[in-house]
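**Student:** got a structure for you, letters missing:
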């Protein structure tokens, strides 16, 4: 299972940026599972379809499991871009954050990360699925990705994120 999670992250081209305060992380083995909080409706824009999903995660080691939850739906797993993702989690040092994103071949992951940073959310992974509809959208696709992500995050604003 660890091999498949590592393979999935490598396959998706996940980029991680980690900030450390120089203090060694504790050797405590804390493992919390990812939880799918919800999946929004499908939004169409010029023949392309977009759908956002939000997962609660405790650490960056939960990212692969969260991606599996998001892509467990057959239509999502077969999408042109099944999981454009970004995540942020708080490290044991209260003022430090581990974050990252995966573009899934679409270059929209950094925008999703900015959405999470703007809202100062932690303990969350947001994923957007895009089904290509035959019309090139240009940079409008990035606005659509961010828009459906914001809408789904707003739906879960009362959850502890």
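**Tutor:** Cool, got the structure. Because the structure is predicted, anything quoted here is derived from the model rather than measured.
**Student:** going forward, measure contacts between C-alpha atoms and count neighbours the same way
**Tutor:** Fine.
**Student:** contact partners for residue 108?
**Tutor:** Neighbour list for residue 108: 84, 142, 145, 146 [criterion: C-alpha atoms under 8 Å, 6 or more residues apart in numbering].
**Student:** roughly how far does the last one sit from residue 107?
**Tutor:** Translated: residue 146. 12 Å (C-alpha to C-alpha, to the nearest Å).
**Student:** give me the more crowded residue out of the two.
**Tutor:** residue 146 (20 against 14; other C-alpha atoms under 10 Å).
**Student:** is the more buried one in contact with residue 111, as I believe?
**Tutor:** Yes. Contact criterion C-alpha atoms under 8 Å: residue 146 and residue 111 qualify, at 6.4 Å.
**Student:** where's residue 74 relative to residue 43, distance?
**Tutor:** For residue 74, the distance to residue 43 - C-alpha to C-alpha - is 18 Å.
**Student:** neighbour count: these two, which is higher?
**Tutor:** More crowded of residue 74 and residue 43, by other C-alpha under 10 Å: residue 43, with 15 against 8.
**Student:** contacts only, for residue 48.
**Tutor:** By C-alpha under 8 Å, 6+ apart, the residues touching residue 48 are 130, 131, 132, 133, 134, 135.
**Student:** what is the lowest-pLDDT residue among these?
**Tutor:** When the contacts of residue 48 are sorted by pLDDT, the bottom entry is residue 135 at 82.
**Student:** in stretch 93-108, what's buried?
**Tutor:** 97, 98, 99, 100, 101, 102, 103, 104, 108 (16 or more other C-alpha atoms under 10 Å).
**Student:** backbone phi and psi for the last one, please?
**Tutor:** It stands for residue 108. phi -100, psi 0 (degrees, to the nearest 10).
**Student:** which one of the buried residues of stretch 93-108 is nearest residue 51?
**Tutor:** residue 108 (13.5 Å; C-alpha to C-alpha).
**Student:** could you say what helices and strands the top helix by length along the chain packs with?
**Tutor:** In the chain, taking DSSP state H as the definition, the longest helix is helix 140-155. The contact analysis (3 or more C-alpha pairs under 8 Å, 6 or more residues apart in numbering; DSSP states H and E) places helix 140-155 against strand 48-56, helix 109-118, strand 124-131.
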